[in-house]
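Enquirer: here is my input, please return the structure:
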Amino acid sequence: MIDKETLKDKVPHGTVMFPLRIWTHEFEKYGHLCNYHWHDEAEFVCVKKGSCVFQVETDYVTIEKGQGLFINSGILHSDYSLEYPYSSFSIVFHMSMLSSAIPDVCTTKYLTPLLQNQGKAFYLIKGELDWEKRVLGHLEKIVQVCNDKDNGYELFTKSYLFSIFAELVSNGFLLQEQSRQEARDQVKIEKLKKVLTYICGHYQRKITIKDMADRINMSPYHFIRFFKSLTGKTPIEYLNQYRIHQAARLLQNGNRRILDVALEVGFENISYFIRTFKKYTRNTPSEYQNQLKNKGLGK
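Expert: Below you'll find the model as predicted:
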């Protein structure tokens, strides 16, 4: 039985002693597409070049160059780039690294509510206000000290994180009462997670609208409207985009036949696969493979 755990990001983010990891993303052209996932850790994202769109549960957020985004722990999200070249970094960390062994006011009043998802799901840091500029500056410093790894870098990292959350608290970020509308949205999100989990586990097979609708006991007609209202895509558009993303990963192995890849990700018609691949990547599968080989990226 497939459950919500299928969508959970199981990649280690740091270590038990220092649960923080920095990820960098750089793309000259199509390549940055991160499917729906969630993790126990919180995340800060900063865009250095280009722009991207994040879907955080039911909201869409555009992040421009020089802006950042905070995503709370356990929150379903995905993202894709809008323009290239694109460059960004993510700081993924577990909030527990800021907790004290003996609960103090910082832990009980500010950090525990975040761990229990009582705060906002996300917060866009535009970099327009002085405090937002300070937050973005602290994030840059975290990347710098973690890359340099000089003696005491872990202490500097925690001090910058504390400074960031102090800025967020003092500007009304952390706590808010859950409205009735937000409660209703949460029910929708849980239904969406069931469908996305089903797609993750079955995309290699034939999937119909009815198959997906049955997962949440909806008629196909109402399901299509429901799915598009939350994702901005029809179920088939999302399924195809997910399959193409998986195909792009497989094609990084230069020895893979295009027909075999198409069948492996659930396309029964090779012509339809090629058209769909070009729609999302602006290249045919063979052109995509050749570009990887020319850059020395194909295996």
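Enquirer: quick one: contacts for the closest residue to residue 122 other than its chain neighbours?
Expert: Closest residue to residue 122 apart from its sequence neighbours, by CB to CB, 6 or more residues apart in numbering: residue 56 at 4.4 Å. C-beta: built from backbone N, CA, C; applies to glycine. Counting by CB atoms under 8 Å, 6 or more residues apart in numbering, residue 56 touches 71, 75, 76, 77, 121, 122.
Enquirer: can you list the buried residues in the longest helix seen in the chain?
Expert: Criterion DSSP state H: the longest helix present in the chain is helix 180-202. Buried residues in helix 180-202, counting neighbours by 16 or more other CB atoms under 10 Å, are found at 185, 191, 192, 193, 195, 196, 197, 198, 199, 200.
Enquirer: again with stretch 128-145
Expert: Within stretch 128-145, the residues scored as buried using 16+ other CB under 10 Å are 132, 135, 136, 138, 139, 142, 143, 145.
Enquirer: about what we covered before: buried subset of the contacts of residue 56, written for ChimeraX?
Expert: To isolate the buried members of the contacts of residue 56 in ChimeraX, using 16+ other CB under 10 Å:
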select :71,75,76,77,121,122
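Enquirer: who does the residue nearest to residue 146 when sequence neighbours are not counted bridge with?
Expert: Spatially, and ignoring its direct neighbours in sequence, residue 146 is nearest to residue 22 (5.5 Å; CB to CB, 6+ apart). In this entry, residue 22 is beta-bridged to residue 91, by DSSP bridges.
Enquirer: next one: the residue nearest to residue 122 from residue 279, what distance?
Expert: Residue 56 sits 25 Å away from residue 279, taking CB to CB, to the nearest Å as the criterion.
Enquirer: who touches residue 126 in this structure?
Expert: Residue 126 neighbours (CB under 8 Å, 6+ apart): 67, 132.
Enquirer: for it, phi and psi?
Expert: Note on residue 126: its backbone torsions stand at phi -80, psi -20 [degrees, to the nearest 10].
Enquirer: tell me which residues of stretch 201-209 come out buried.
Expert: Within stretch 201-209, the residues scored as buried using 16+ other CB under 10 Å are 203, 207, 209.
Enquirer: quick one: the residue nearest to the last one when sequence neighbours are not counted from residue 227, how far?
Expert: Going back to what we said before, that points to residue 209. Distances taken as CB to CB, 6+ apart place residue 220 nearest to residue 209, at 4.6 Å, with adjacent residues excluded. Distance of residue 220 to residue 227, computed by CB to CB: 10 Å.
Enquirer: comparing the two, which residue is more hemmed in?
Expert: residue 227 (25 against 14; other CB atoms under 10 Å).
Enquirer: which residues touch the helix or strand where the more buried one lies?
Expert: Assigned by DSSP states H and E, residue 227 belongs to helix 220-231. Around helix 220-231, the neighbours that count as contacts under CB under 8 Å, 6+ apart are 55, 58, 188-189, 191-192, 195, 209-210, 212-213, 216, 218, 233-235, 238.
Enquirer: run the chain-centre distance for that helix.
Expert: 21 Å (CA atoms, centre = their mean, to the nearest Å).
Enquirer: so what secondary structure elements neighbour the helix or strand that it is followed by?
Expert: Counting by DSSP H and E, the next helix or strand C-terminal to helix 220-231 is helix 235-250. The contact analysis (3 or more CB pairs under 8 Å, 6 or more residues apart in numbering; DSSP states H and E) places helix 235-250 against strand 33-37, helix 180-202, helix 209-214, helix 220-231, helix 258-264, helix 270-281.
Enquirer: tilt between helix 235-250 and helix 180-202?
Expert: Helix 235-250 and helix 180-202 are oriented at 50 degrees to each other (axes from the mean of the first three to the mean of the last three CA atoms, to 10 degrees).
Enquirer: any idea of the mean pLDDT for helix 235-250?
Expert: Taken as a whole, helix 235-250 has an average pLDDT of 89.
Enquirer: ok, residues contacting it?
Expert: 31, 33, 35, 195, 199-200, 203, 207, 209, 212, 223-224, 227-228, 231, 233, 256, 261-262, 264-267, 273, 276-277, 280-281, 285, 288.
Enquirer: okay, that helix in CSV with CA atoms only?
Expert: Extracted in CSV, the C-alpha atoms of helix 235-250 (Å, rounded to 0.1, in the frame of the first residue of the first chain):
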residue,chain,number,x,y,z
PRO,A,235,-4.2,15.6,-14.1
ILE,A,236,-2.9,14.4,-17.5
GLU,A,237,-0.6,17.5,-17.8
TYR,A,238,0.9,16.8,-14.4
LEU,A,239,1.2,13.1,-15.1
ASN,A,240,3.0,13.8,-18.4
GLN,A,241,5.3,16.4,-16.9
TYR,A,242,6.2,14.0,-14.1
ARG,A,243,6.9,11.2,-16.6
ILE,A,244,9.1,13.5,-18.7
HIS,A,245,11.1,14.5,-15.7
GLN,A,246,11.7,10.9,-14.9
ALA,A,247,12.6,10.3,-18.6
ALA,A,248,15.1,13.1,-18.5
ARG,A,249,16.9,11.5,-15.6
LEU,A,250,17.0,8.1,-17.4
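Enquirer: having no further points to raise, I will conclude here.
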